[in-house]
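Novice: The following block contains a protein sequence and its predicted model.
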Amino acid sequence: MSQNPNVSIHPTAEVSSLAQIGSGTKIWHQVQIREKAKLGNDCIISKGVYIDAGVTIGHNVKIQNYVSVYSGVTLENGVFCGPHCVFTNDKAPRAINKDGSLKSAADWVTSQTVVKQGVSIGANATIVCGVTIGRWAMVGAGAVVTRDVPAYGLVWGNPARLQGFVCPCGGRLEDGQTEIRLMLARCPECDEIVPIDLTLWQSTK
C-alpha cells in the first residue's frame, strides 16, 4: 500500500501492502483489509470491519462496526453499511468436499454483488450474494436480501420484500403524477420529485 499522508490508519488495524486506499480515508481499530482491495477517497471504516481480497469500494462510503465485506462485492460511491451487516459470496458453501477433505480457496464459487450509489443498509442485514441493490435504495435493519432491489426501493423482512420507495434524502415517497410507465413521486421531506417505475410502485400496494 502506498503511504498516502492523507490516509489515517489506526495502529491496531491490519492493512495489506497490496491494498489501495484513497486519500482522506480513515481506518479505525482492529480493521482488516486484505490484498488487492480498493477503497476510494474519504471513506470511514469503523472498528472491527473485515474487507476481503479484491473488494472494490467507492468514495465517501461509511462502513460501521463489525461489518464483513467478502470477495465479489462492489460498493459504489456514498454507500452506508450499518453495524454488523454482512455480505455473503457463495450460494452453496461447504467446509469439506464429498470425500471429507477440507475445501481450499480454489473450491469456492464466488458470486458477484453490486451495491449502487447512495444505498443504505441497516444494522444486522444480510445481503445474499448475486444481487444488485439499485441507486438510493434502503434496506431495513435485520433484513435478508435474496433478490435484486430496484433504485429507490425500500425493503425489509426475511426474505426482504419491497415496501415502497425512498428519496435520496431518506424520506418515504408519496404517490404522484403518472406518465406512461413512470410515476413522479414526491418526497414530503425535501419536496423533490423522483421518477419511479409505476409497475414496481403498484407491486407494493
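Specialist: Alright, I've got the coordinates. Keep in mind that this is a model prediction, so the values were computed, not measured.

Novice: Which residues does the residue at minimal distance from the centre of the chain form beta bridges with?
Specialist: Most central in the chain under CA atoms, centre = their mean is V115, positioned 4.7 Å from the mean C-alpha point. Note on V115: beta-bridge partners by DSSP bridges are L75, I133.

Novice: Could you double-check that it lies in contact with G72?
Specialist: No. Between V115 and G72 there is no contact, the gap being 11.7 Å when judged by CB atoms under 8 Å. (Glycine included, C-beta is placed from N, CA and C.)

Novice: residue contacts, the residue of the chain most remote from its centre?
Specialist: Farthest-out residue of the chain from its mean C-alpha position, per CA atoms, centre = their mean: D99, at 35.8 Å. For D99, the contact set (CB atoms under 8 Å, 6 or more residues apart in numbering) is empty.

Novice: Would you mind pointing out the helix or strand it falls in?
Specialist: Of the helices and strands defined by DSSP states H and E, none includes D99.

Novice: where does it land on pLDDT?
Specialist: Looking at D99, its pLDDT stands at 92.

Novice: Would you map the helices across the protein?
Specialist: For the chain, helices defined by DSSP state H occupy the ranges 198-202.

Novice: Where does pLDDT dip in it?
Specialist: Scanning the chain for pLDDT under 70 picks out 1-4, 175-181, 198-205.

Novice: Distance of A53 relative to V145?
Specialist: Separation of A53 from V145 (CB to CB, to the nearest Å): 23 Å.

Novice: So these two - more neighbours on which side?
Specialist: V145 (26 against 15; other CB atoms under 10 Å).

Novice: what about that one, distance to C169?
Specialist: From V145 across to C169, the span is 22 Å (CB to CB).

Novice: now A92
Specialist: Where C169 is concerned, A92 sits at a distance of 39 Å (CB to CB).

Novice: what's the answer for P188, then?
Specialist: Distance from P188 to C169, by CB to CB: 10 Å.
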